[in-house]
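A.B. asks: The amino acid sequence is not available; the structure is as follows:
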């Protein structure tokens, strides 16, 4: 494992331990809060301001990594959500940089036939701003810019999550 991946894993474990001990502590972005704005490069290096995407249509952010088995497990649900709602909801994949290069993210996107927008969070800006606890994390933002759902895990129903923003 690389140092970056070890830090990511250590962060996730520490967060899980802290939230388990605290019981009521919120993990991740808070439902009801305004979604933070952050500008990230696409896989082609073009800047994309995520804040400009909210307010036009609902947005689904999917934080993923090529090495994340839960992210791979979510792919059928994500593809179905894009198929059903892609004309009414903006889907943005956020490739985290923990143990993942831009090229590795690009290969993953091609292998999984991801057709929606993808950005590369090289410096962890979106991870920090959205308080992302782990990969496979999904944030759903309604048209007004408020977070209406967050969740993660192999069995997350992204179709149902996306429907919450409509």
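C.D. replies: It's in. In this text the structure is predicted, and so the values were computed from the model without any measurement. Residues are numbered from 1 along each chain as shown.

A.B. asks: So residue 166 versus residue 146, what's the distance?
C.D. replies: The span separating residue 166 from residue 146 equals 14 Å under the rule CB to CB, to the nearest Å. The C-beta positions use only the backbone N, C-alpha and C, and glycine is treated the same way.

A.B. asks: try residue 47
C.D. replies: Taking CB to CB as the measure, residue 47 and residue 146 are separated by 24 Å.

A.B. asks: tally of neighbours for residue 113?
C.D. replies: When neighbours are counted by other CB atoms under 10 Å, residue 113 registers 8.

A.B. asks: Who are the contact partners of the residue nearest to residue 155 when sequence neighbours are not counted?
C.D. replies: Distances taken as CB to CB, 6 or more residues apart in numbering put residue 73 closest to residue 155, at 7.5 Å, once the chain neighbours are dropped. Neighbour list for residue 73: 136, 154, 155 [criterion: CB atoms under 8 Å, 6 or more residues apart in numbering].

A.B. asks: Which positions within whichever strand or helix holds residue 126 qualify as buried?
C.D. replies: Secondary structure here is read from DSSP states H and E; on that basis residue 126 sits in helix 125-129. Within helix 125-129, the residues that qualify as buried by neighbour count (16 or more other CB atoms under 10 Å) are 125, 126, 127, 129.

A.B. asks: do the same with stretch 90-103
C.D. replies: With the criterion 16+ other CB under 10 Å, stretch 90-103 contains buried residues 90, 91, 92, 93, 94, 95, 96, 97, 98, 99, 100, 102.

A.B. asks: now do stretch 56-65
C.D. replies: Taking 16+ other CB under 10 Å as the neighbour-count basis, stretch 56-65 is seen to contain the buried residues 57, 58, 59, 60, 61, 62, 63, 64, 65.

A.B. asks: correct me, but the third one touches residue 35?
C.D. replies: If I follow you right, that is residue 59. Yes: with contact defined as CB atoms under 8 Å, residue 59 and residue 35 form a contacting pair (7.4 Å).

A.B. asks: which residues are in contact with both of the two?
C.D. replies: With CB under 8 Å, 6+ apart as the test, residue 59 and residue 35 both reach 50, 141.

A.B. asks: on that earlier part again, which residue of residue 47 and residue 146 possesses the greater neighbour count?
C.D. replies: Neighbours per residue, other CB under 10 Å: of residue 47 and residue 146, the larger number sits with residue 146, 15 against 9.
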